[in-house]
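Colleague: using only what follows, build the 3D model:
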Amino acid sequence: MDIAVTLDVTEDLVEVVHLGSAGASILYSVINDGVVIYGNEDEAMNYLWRRYLEFLAINEYVNHPERRIGT
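Modeller: Prediction:
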């Protein structure tokens, strides 16, 4: 509720997510639509892009047909 008041928006527009465990779609959404409310915006964006790219690289490796178990 405090975040919504600080940003002058309704509570339904605020979602708190632990970015260390967020999936690619959440990370991408935060990169595009998120608002940095604490800390350095450049550092936050660099962190988010690194997490997003790491997530994509891991999924590409895991889902690669030659790496699937039993193939």
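Colleague: quick check: phi and psi at the closest residue to Tyr28 other than its chain neighbours.
Modeller: Distances taken as C-beta to C-beta, 6 or more residues apart in numbering put Tyr52 closest to Tyr28, at 6.1 Å, once the chain neighbours are dropped. In this view, the C-beta of every residue, glycine as well, is placed from N, C-alpha and C. Reported as degrees, to the nearest 10, the phi and psi values for Tyr52 are phi -60, psi -50.
Colleague: what about Tyr52, how many neighbours?
Modeller: Residues lying near Tyr52 (other C-beta atoms under 10 Å) number 20.
Colleague: contacting residues for it?
Modeller: By C-beta atoms under 8 Å, 6 or more residues apart in numbering, the contact set of Tyr52 is Ala24, Leu27, Tyr28, Ile31.
Colleague: same check, this time on Leu56
Modeller: Ala24.
Colleague: circling back to that earlier point, distance of the residue nearest to Tyr28 from Gly23?
Modeller: Separation of Tyr52 from Gly23 (C-beta to C-beta, to the nearest Å): 10 Å.
Colleague: do Gly34 as well
Modeller: Look at Gly34 and Gly23: by C-beta to C-beta, they are 15 Å apart.
Colleague: ok, and the closest non-adjacent residue to the residue most central in space within the chain?
Modeller: The chain has Leu27 as the residue nearest its centroid, 1.9 Å off, counting by C-alpha atoms, centre = their mean. With sequence-adjacent residues excluded and distances taken as C-beta to C-beta, 6+ apart, Leu27 is closest to Tyr52, at 4.3 Å.
Colleague: do the same with Val36
Modeller: Ranked by C-beta to C-beta, 6+ apart and with sequence neighbours excluded, the top spatial neighbour of Val36 is Ala44, at 4.8 Å.
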